[in-house]
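Chemist: structure for this input, please:
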Amino acid sequence: MSYIDGFVIPVPLGKKQAYIDMAKKAQKVYLEYGALRVVESWGDDLPKGKVNDFHTAVIAEANERIIFSWVEWPDKLTRDAANQKIMADPRMQPGPDLPFSGARVIYGGFSTLLDSNEK
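Modeler: Got it, this is the predicted structure:
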């Protein structure tokens with residue numbers, strides 16, 4: 001079964017296009033190193049929870065929206081090898097104009113339990 005990297009990112013409303021531009025560049029790199037699919041989603045229906053929610057998880061500010069992003073890999077071995085190359089790739093080095101607070105991003109790798117597209 002495939003392996004998934006997931007990300008939750010607070011992005012200021014005024015930096016949505018800058019984020020899209022950055023994500024398009026990163027998407028090419030991820031696909032080049034073996035990712036099967038890269039998805040970026042802009043949160044537009046994120047209810048506030050009583051204890052926790054997407055907003056509190058990343059300490060989102062009032063002028064920010066949440067990006068939910070994931071990268072699908074064929075397996076964890078491919079992902080682990082690719083991540084070393086991706087982190088070393090000069091195209092993936094953050095510049096001074098990063099369109100979000102990297103300190104508030106949450107991310108992690110997930111083994112697939114169930115996938116309607118896989119037999």
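
Chemist: so after the strand or helix carrying residue 80, what's the next helix or strand?
Modeler: Element membership for residue 80, per DSSP states H and E: helix 76-88. Where DSSP H and E defines the elements, the next helix or strand beyond helix 76-88 is strand 106-111.

Chemist: what angle do that following strand and helix 76-88 make?
Modeler: Angle between the axes of strand 106-111 and helix 76-88 is 150 degrees (criterion: axes from the mean of the first three to the mean of the last three Cα atoms, to 10 degrees).

Chemist: not counting sequence-adjacent ones, nearest residue to residue 112?
Modeler: residue 1 (4.1 Å; Cβ to Cβ, 6 or more residues apart in numbering). For the C-beta atoms, the positions are set from N, CA and C on the backbone; glycine is no exception.

Chemist: double-check the one you found against residue 116; I have them as touching.
Modeler: No. If you go by Cβ atoms under 8 Å, residue 1 and residue 116 don't touch, sitting 11.9 Å apart.

Chemist: who has more neighbours, the two?
Modeler: residue 1 (12 against 5; other Cβ atoms under 10 Å).

Chemist: list the contacts for that one?
Modeler: 75, 111, 112, 115, 118 (Cβ atoms under 8 Å, 6 or more residues apart in numbering).

Chemist: quick revisit: just the CA trace of the helix holding residue 80, in PDB.
Modeler: Output of helix 76-88 as PDB, limited to C-alpha atoms (Å, rounded to 0.1, in the frame of the first residue of the first chain):
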ATOM      1  CA  LYS A  76       7.800   4.300   2.800                       C
ATOM      2  CA  LEU A  77      11.200   3.200   1.300                       C
ATOM      3  CA  THR A  78      10.700   5.400  -1.800                       C
ATOM      4  CA  ARG A  79       9.600   8.300   0.400                       C
ATOM      5  CA  ASP A  80      12.500   8.000   2.800                       C
ATOM      6  CA  ALA A  81      15.100   8.000  -0.100                       C
ATOM      7  CA  ALA A  82      13.300  10.900  -1.800                       C
ATOM      8  CA  ASN A  83      13.100  13.000   1.300                       C
ATOM      9  CA  GLN A  84      16.900  13.000   1.700                       C
ATOM     10  CA  LYS A  85      17.200  14.200  -1.900                       C
ATOM     11  CA  ILE A  86      14.400  16.700  -1.700                       C
ATOM     12  CA  MET A  87      15.900  18.300   1.400                       C
ATOM     13  CA  ALA A  88      19.300  18.600  -0.300                       C
END
